[in-house]
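Undergrad: Build me a model:
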Amino acid sequence: MSIKAKAYSLRLPLPNGRNLLYRKCVPRTDENGRQLKALLDYLLDGDIDAKDIYDALGTSSSTYYRRIKEADYPHAEELRRVADRFGLSYPDLQIRFGLMSEQEVWSYIESSPFAGRAVRQMTMAPTAPTTHRTRAPKLSELKPRSDAPPL
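TA: Below you'll find the model as predicted:
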């Protein structure tokens, strides 16, 4: 093998500035490579609509679809809103998406003024898991109270 052939075989292809394959941003995924919508489908045992997610985030559909392509999606505030809307654990979502480690969560719990009570509650025998998720009623489902005075 000649020196010229050897030098050529060691060269690696360089990214082309016009080729977006090398510069494509990928959103955060959980430890199993699932994006937020796929994780919600898994955790909630069903097909979650994108509309449910962007309603939870408080954004428009166009903002949501633009946002899911960004590298920092979902950030901590988005995870908090999703956790609140779907009744999930906010620290668990942060751990799953790598925003906090389990050790950081435990350190925070132990350093809080209510550490003794919180740690006791977390280490006690778990209660029966809730399998029924409640959702806020739609406006069309609401009815006026009979005992309330008229407006």
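
Undergrad: Residue 89 against residue 80, yeah?
TA: No. Residue 89 is beyond contact range of residue 80, at 10.8 Å (criterion: CB atoms under 8 Å). (Glycine included, C-beta is placed from N, CA and C.)

Undergrad: Give me the more crowded residue out of those two.
TA: Taking other CB atoms under 10 Å, residue 89 and residue 80 do not tie; residue 80 has more neighbours (14 against 11).

Undergrad: How about that one, nearest residue that isn't a chain neighbour?
TA: Among residues not flanking residue 80 along the chain, residue 90 sits closest, at 5.3 Å (CB to CB, 6 or more residues apart in numbering).

Undergrad: before we move on, what about residue 75?
TA: residue 99 (7.7 Å).

Undergrad: any residues touching stretch 69-82, and which ones?
TA: 25-28, 36, 40, 53, 56-58, 67, 88, 90, 93-94, 97, 99 (CB atoms under 8 Å, 6 or more residues apart in numbering).

Undergrad: what does stretch 54-67 give?
TA: Residues contacting stretch 54-67 (CB under 8 Å, 6+ apart): 50-51, 53, 73, 78, 81-82, 84-86.

Undergrad: which helices and strands sit right next to the helix or strand hosting residue 103?
TA: Assigned by DSSP states H and E, residue 103 belongs to helix 102-111. Here helix 102-111 touches helix 90-96, helix 115-123, going by 3 or more CB pairs under 8 Å, 6 or more residues apart in numbering; DSSP states H and E.

Undergrad: And the ones you listed, which one averages the lowest pLDDT?
TA: Comparing mean pLDDT across the helices and strands packed on helix 102-111, the weakest is helix 115-123, with a mean of 55.

Undergrad: Can you read off the pLDDT for the residue nearest to residue 34 when sequence neighbours are not counted?
TA: Nearest residue to residue 34 in three dimensions, chain neighbours excluded: residue 42, at 6.7 Å (CB to CB, 6+ apart). Looking at residue 42, its pLDDT is 91.
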